[in-house]
Each structure stands twice: as structure tokens, then as C-alpha cells.
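Q: Could you look at this predicted model? Sequence included:
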Amino acid sequence: MEHLLFYARLKGYRGSELREEVANKVKEVGLTEKRDVFAGALSGGMKRKLSVAICLLGDSSLVFLDEPTSGMDPYSRRSTWEILLNNRANRVMVLTTHFMDEADILGDRIAIMSEGQLRCCGSSLFLKNRYGAGYNFTLVKSNDTAAPCDEAQLKALVMARVPEAKVLSNVGAEIAFQLPLDCTAAFAPLFEEIDEKMRALGVLSYGISVTTLEEVFIKVAEAHDEDNQHTLSKDAAGASPDASALLPGGPAIANLTGITMFLVHLSALLLKRFRIARRDRRVIIFSVLLPVTMLGAGFGLLKSSSLTRSDVKLALNADKFDANNVPYFCQTDDSQWCSHTMDSLFTGGDTAPFPSAEIASPPYATLPTSVFGVNYTDVELASSNTPDTNAYCLRMGDKIYQRGFGKTDAEKTSISQTPVKDQHGAYLVHASASERMFGYHVFVNTTATHGAVIFKALMDQALYRFMAGGASATSSSDVTLKANTFPLPMTASTQALFGSFLAFTACIFIVIAFAFFPASIVGFLVKEKQAEHNSKHQQLVSGVSLPAFWLANYLWDLLTYIVPLVAALVLIQAFGISAFTGNGCVSCTDQTFPAIVLLFVLFGLAICPFTYCLSYFFKEHASAQTYTIMANFLLGVVLMVVSFILDVVSTSSADANEVLKFFWRLSPLFNLGSALLNQSLNEITASFGRSAGTTSPFEMDVMGWELLYLAMDTVVFLGVAIGIDFLLSFPKIKAAIFKDPVLEDPPYEEDEDVAREAERVRSGAADGDAVKLLGIRKVYKGNKVAVRNLSFGLPKGECFGYLGINGAGKTTTMKMMTGDILPTSGSGTLGGFDILGEQLEVRRLIGYCPQFDALFELLSVREHLELFARIKGVGRVELNGVVKTLMHQMNLDSFEHKLAGTLSGGNKRKLSVAIALIGSPPIVFLDEPSTGMDPVSRRFMWNVIAAISTQRKESTIILTT
């Protein structure tokens, strides 16, 4: 409902018109009962109905429909056809489809493409007349063992009457011939002879029809098929000459021992992870790029810090300051001592002697009385209480500070002032020959590096020139005074102290960097078990054991962890973090760096299973990565900082923190950060002299507890992760904990044939069947009955068509038989093994093509087949032959090296069917295998299924469609 409201608003609907249009479309596509259900909870067919409704909203004159009925049951498909026919007025509809009857009914004109080119276009009648080859003559063969169909004699009879006849198909219980249009005169004698010999030929019935559009499609595909990839064999027996190659060396494979099969599965799964990881940018980003970049950037910032570096020798001068913008004020200048001195301050000019005649007219009266843009008057500075010169000078300094830097609100309103900008220093001078005194104050902006020393040195230079000039008017008056700073090197203890502070900061960077690594683990795990992907279940159904599955993931994740592990250790050494390297460290021992190495190794061993446990909380792989980063940041960085604060706030909070740490240490990332923090704090206290001598990093108060907990976390979380999976993967264990609602069935009338089959199963007559279900029932939460008391048995070699509309319970039945979900009640056996109690034995017998393709987007077609062939136990010698045969059987040769994520829907289904058929398993489940396939591909699949089941009688096949 919300989808339709949103798109209707985009189309311009408002108010009552909006509600009316949406209600009509919901009713028209048959989603009234699902109007308030989230789109993600709808079945595939219902999602297509919703998409059709969205497409038809408004009065769009051009409508594109890309396989609109894909995934729908026949009833829904026909109702959708009616909807499209009713909405075609004043519109142009462009529709793609793999259903030829759909194109025949809906298409005014039909175009067929092949190899990217348009091959033909016209009405249905035009295409049939142009490409049709005549009539289809179909005969139903007898399956009675006492009077089987004599195919050779039947073919000979048809060929004798109609020499131009061709075998169109020979699949299952039907054989079809193609009869030319100009041979209609021979039809009557042919039918009469067949009627006379029907029992002897083993024919139950027959019929004739004109060429279908599907035959047109196949003929067009074959006409432009230069490499015979789309050319069908007319005989099922000829269609699969190499079908036995699907499992070469069958007995040898069956005799593989448990440990041998375990190692085969382990190597296959590791190869799978390698192939996916080299193409998955997210793995590279989260496992390598982000941690290493964060460590490098963080350590680089610490290295650029001046805390651990001694100051360098520096020549102090005013070159970098604006020398012409240094104001001064002469408070007293009765002999021009002040003015002459200040005039030579920056200019380097001579300082002349002061003649007595100049004293009568003091020059200071003509100097600017403005400092920092503020005008000062004698009235402001005078004070009756303190008339002396020193007090006057102090008051002047106070005024300069207040007016220039610390102006009050009252002063801002009473005095016109300009703001101070780029002001580095100023002078206030009191010079009097009569008092024999020269005094000055230096005002320095503290943001000017070494400003106080530089301005002090400049004044000293000016005074020296004045004094030298007074003694002799020679070169002594232009002497330059040079000042240099040459700090002594930083002591070892001071360097160790500051280095410890940097190590404390490095802890933060390390924990933040390693918070990204688990995201590379959780994304893949969640995607494997995601509802619409569930490749994990496909692997388990194919025979992979849970220990092999988890060990392969664990080994690969540890291999991936080696990169950030080595990067961290190398960067710690390269940047010389003494508290971690042990070099130049007051409290360190020769065990310090080995302990750091052990810490990082144990962290890797623990963080992987910890992340496995987290993966059970997520259903979407994209959100799983985001939330995992957030969770690890909280459980690592935040907890580490909070723990540190609690330790230093008070004694009571420190005592409480000691208890809380035993819970917080369940987080591997907290253990990593806490151990590093303890080591750096231990070094800081040693630098201050609060701890005597060196301390082993393995002390419990330093890194001991964290190392112990990381070892425990590894075992505990690994056990929990595998234990949860055992609980969720094995129906019998799961059934003991999870209970479905118990509902009593209302009385209903059961079909006579259904009741007879149920009685056959109950009586034990079906005990020898390959598949036997007795009273299987599934009730979901909300009292939704998906499967109601299902009972039937299937003998070996039977191809069982399991039909039903969308939502009828077909896929639910498949999932119960493969162990994906639990039946609420009832029992079942596959190959004589109980589907609840003997799931491991059951999985060795079945091949499974799920409704949604359980494929890896980053594996190619060949790599998929190689993976599942190895899982099925195909040896190295036979592997290439089996893979080539499967690709040829399903017409996937041209897509051998294409990634599954780039395949079309039909080719994905072909690959899923090929996976299910690997090894010719005794029982094969095919859940809507032909969805999205074109007629040629569908015929290929039929031929393969027929070769495995109805002709060679090797497998029992349950097919939903």
C-alpha cells in the first residue's frame, strides 16, 4: 500500500483521487489481503504483481514490462494477462517474456532477438506461417512394465507413413514428432494404424496440434546458431550422451573416509574464500586499507609531535616580525635619551650624544602618543596619590593592556579605538638624565615564538649603542647585538615520560584501527545465510559439515588478519613507541615486545569467533558491517576510556571498575586496548618514580588478565558460534527448543487419490521409496498453516511434478525436506534416513536447486561448479571433465568465466540446476528451476532431467513449477 501511495504521489495524484486510484490498483492485481504486508515479506510472484501495479499507475502512454509474470503461478499469470489487456487502451506496451504463450496472447507484434540482433518481427500468425514447420504429433508412452512402449517400432511406423517426419522430442512419458504441412493426406492412415496397434506399441494416447510459438522461437535460435550452442537434440537419449560423466568414478567417491572428506571440504571452502576475497573490495578496505591507514596516520601525528624532541639552536631576530609596526611611548624624555634610543632600535642608525641645549625643549612632546591605536593623555595617567615615575609607568602599562587587549564595555563606548591586528610587541620607556634613570617595559604577544627574548635583545642592542655613542662617536655606535638560543638536550627520563604519554595516545589509535577489521568478517557470513541468498544452506545440503565450514572461515579470517597484525607491529617499531618496543623504556624488560606480539596474536584468535557470534544478530550484510563497526567502537574505544576515567576519579569508582572489568573483558577489543593502556600507564608511573625497577608485562595488573581473557574468549566464542549453528542447522536439536503453534484442522474433504496415497504411506507400502513423507505439517507464527498433513511416497527414478499457486507451500515443503526449516509435526525419510534425526546422512543423498539462486556473486560459473564438485567429492582427475560436461549440458559454455552476479536470471537458474545435478545424487529437489529461462534453455534442462531420472532411473526428482 505504501509503495503505491508513494508512486501515485509522484504521478501527481492527491487527496481522495490518490486513495481511490491506489485502492483500485490493489484490488485489480489481487493484493487486497497483503495491502499492509511489507514488500520484503511478499513471495516472488506477489512482488511482481506489486511491480505491475506500480507500472500501471497514472496514464503513462508508454509502459515497459520486463518479464512481468516471472515467478508467478499459472493462475496469477493469467490474471496478470487480463490486467494488461484491460489497461492497454491508449498505451504502447513493450513487454519481454520467456513464456511463448504469454507473447502469443498479449503481443500484437512479436520480435525475437538473438546474439544482440533483431532476427524477426511480426504478428503471431505471420511468424508461425513463416517459421512454422508443420504439425506437432505427440504420443503418450505406456509406463506399464508388462507392456512397455516399443519406441523403435513406433518411430518406424511414423516414418513409414510420413517419411519427412522428424523426432521433435523424446522426454519422459511423451514422444513428439514434427510432421510437414504438405503431408496432411497421410494423417488419416497413420492414425488408423496407430489405433489398431496402440496396445502393441505401448501407446496410451496421442494428439496433434499446429506449430506453437515456442517452436518458432527454437527454430529462429537454431537458424542463427553458428556454434550449435542453441541447437537442441531431438532425442533425450542423444541429448545427454555424457550424462554418466556427471559422476565419474562414483564408487571411489562414495568410499571417501570421514577425515579425507573433511580435508577435501576444507580445501574447497578455503579456495572459495580466496577467490571471492581477491575480487571483494570491501574485504580489502575493512581488513587492510582502513586499519593500516588509521595506524599510519595516527602514529605519524604522534611522531610529528615535539614532545619527545629537544629544542634546536635558533638565532633570535625580528626578521619575521613587522619591525615598522612596533609602537613605543616615551613617558619622560628630558634629555632625548628615549627618542634617540628608540629611533635606532630597528634602523641601525648611529646614536648621537645628547647636548645640553636639547634638554630645554624635550622632543617627546612631538612623538605620537598612540599605542595599539589608542590615544593616551597625561590626565588619564596622572594620579595625585602616586606621582612618582615608576607608578606612572606601571599605570601606563596597565592602560596599554586594557585598551589594547582587555577593553571593557565602558571603554569601548567612550573611546574610539581600532582593533589590534598582528601586533607582536611594544615598548613603554621612562628615560631621564636628571634622575639618572632609564627604565622600560616590553609588551609581548605570547603567540610570537620567542617574542620576549627577541624584543628584550633589541632593546639591549639599542641601549648598548646609546652607551657606546656617549663614549665615542665611532663605529661602536652601530654594533649589532646577536642573541641565540641553544637549549640543552632533553634528558632520558624526560624523553621516557613524554614517550609514555604518546604511547597512551597510540593505544587509542590502535583500538580505533582494529575496530574496522571485524566488519570484513561479518559481511560475508551474514550474506551467506541471508534469506534470499542462503548459499550456506546450499553448501550444507551438498555435504559440507559444520566443523569444516567454520574451520575454513576461521583459517581464512586469521590469514586475512596477518596483514594488519604485521602492519601494527612494524609501525610500532618504525615509530619507536618505547613503551611497546621496550627500547629506552624505564619499566620495560626484554619480554615487553614479545608480550605485545602475543597480545595481537591472541586478539586475532578471539575477535574472529566473537564476530561470528555477532553475525547471528543480523539479517542484512550491509547493515551488519555498519553496526559491527559501531559495536566494536563502543566495546573497545569507549569502554577503554570509561575504564580509565573510573580508575582515576576516586577510590570507590576504581573499586567498582575492578569488578566491571571482568565483564568488559569479554570484549576482545577492550582487552587489546586495556592491555596496551596498562603497559603505557605502567611506564608513566615508572618515569615519575612511583614504581621501582622494571615490571614484567605478563604481570596480572599489567597485561596478564587481558592475555588470559583473550585466550578464554577464543575458546568460548568459538564454541558458542558453532553451538548456535548446530542448534539452528539440525532439525532434531532445533525442534527440542523451538515450538510452532499447535492448531487443530477444521473438517475438510480429502481427494480420493490423495487419501489412497496417504493410506499407502501409513500402511508401510512406501517404506522402500526413495522419498516418504507422512503427515508433514508446518504452522508458522500467527497461526498460518503453510503445509497441511502432507503424505506421499516416491520410488527411485521417478520425476515428481509438485504444483501449486504462489504461497501454496511448495517451497516450504522443500525447505523441510532439506533441513532448512522444521516441520511442526509429521515424519519423513529420504533414502531411508530420517529428515529430523539423520540430517548428515540425508544431505549426502540430495541435490538442491532452491527457489532463490544460492550463488556467490564474485565466483564465475566454472568456479561454482568446481566448488560444489569438490564438495560432492569429485577427484582432481575427473574434476575438469565433470565441470565441462555440466556447462555443456546446461548450455553455459560461453559463460564459463563470467561472474555469477553478472549473469541473467535464466542463466543463474541453469547454474543452480547444474549445481543440484552434480554427482547424479539419488534425490534431487528443483524448486521452480525454469524461472526466467527461455524455451531453448528450458528444453535443455528437460533433456538433462529426463536423462537422469526417467531413462537411467538414477535419481528421484521433485520438481516445482
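A: On my side now, so go ahead.

Q: Pretty sure Ser827 sits in a strand.
A: Yes. Secondary structure of Ser827 (DSSP: H, G, I helix; E, B strand; the rest coil): part of a strand.

Q: From what I see, it and Leu836 are in contact.
A: Yes. The pair Ser827 and Leu836 qualifies as a contact (CB atoms under 8 Å) at a distance of 7.3 Å. For every residue, glycine as well, the C-beta is placed using N, CA and C.

Q: Looking at these two, which has the bigger crowd around it?
A: Taking neighbours as other CB atoms under 10 Å, Ser827 and Leu836 compare with Leu836 leading, 21 against 15.

Q: Spell out the secondary structure type for the more buried one.
A: Applying three-state DSSP to Leu836 yields a three-state assignment of coil.

Q: Identify the residue nearest Ile175 in space, chain neighbours excluded?
A: Among residues not flanking Ile175 along the chain, Leu139 sits closest, at 5.4 Å (CB to CB, 6 or more residues apart in numbering).

Q: For that neighbour, give the beta-bridge partners.
A: Judged by DSSP bridges, the bridge partners of Leu139 are Ile175, Tyr206.

Q: Show me which residues of the host helix or strand of Glu82 are buried.
A: Assigned by DSSP states H and E, Glu82 falls within helix 74-86. By 16 or more other CB atoms under 10 Å, the buried positions in helix 74-86 come out as 76-77, 79-81, 83-84.

Q: Stretch 876-887 too?
A: Of all the residues in stretch 876-887, those buried under the rule 16+ other CB under 10 Å are 878, 882-887.

Q: Just flag the most distant two among those.
A: Maximum pairwise distance among the buried residues of stretch 876-887 (CB to CB): 14.7 Å, between Glu878 and Met887.

Q: Look up how far Thr592 lies from the closest residue to Ile835 other than its chain neighbours.
A: Ranked by CB to CB, 6+ apart and with sequence neighbours excluded, the top spatial neighbour of Ile835 is Gly828, at 4.5 Å. The gap separating Gly828 from Thr592 is 62 Å, by CB to CB, to the nearest Å.

Q: now do Phe504
A: From Phe504 over to Thr592 the distance is 16 Å, taken as CB to CB.

Q: neighbour-wise, which of these two wins?
A: Between Phe504 and Thr592, counting by other CB under 10 Å, Thr592 is the more crowded of the two (26 against 18).

Q: which residues does the more buried one contact?
A: Contact analysis of Thr592 by CB atoms under 8 Å, 6 or more residues apart in numbering lists 579-582, 585, 679, 697.

Q: Take those and keep only those in helices.
A: Counted as lying in helices by DSSP state H, out of these, are 579-581, 679.

Q: Which of the residues you listed sits closest to Tyr780?
A: Comparing the ones in helices among the contacts of Thr592 against Tyr780 with CB to CB places Gln679 closest, at 54.0 Å.

Q: how deep is the closest one tucked in, by neighbour count?
A: 28.

Q: repeat for Ala721
A: 23.

Q: which ones are touching Asn553?
A: Counting by CB under 8 Å, 6+ apart, Asn553 touches 269, 273, 525, 612.

Q: Now tabulate the contacts of Thr592 in a markdown table and tack on pLDDT and distance to Gly71.
A: Formatted as a markdown table, the contacts of Thr592 follow (pLDDT from 0 to 100; distance: CB to CB, whole Å):
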| residue | pLDDT | distance to Gly71 |
| --- | --- | --- |
| Ala579 | 79 | 62 |
| Phe580 | 83 | 58 |
| Thr581 | 83 | 61 |
| Gly582 | 78 | 64 |
| Cys585 | 74 | 66 |
| Gln679 | 84 | 59 |
| Pro697 | 85 | 61 |
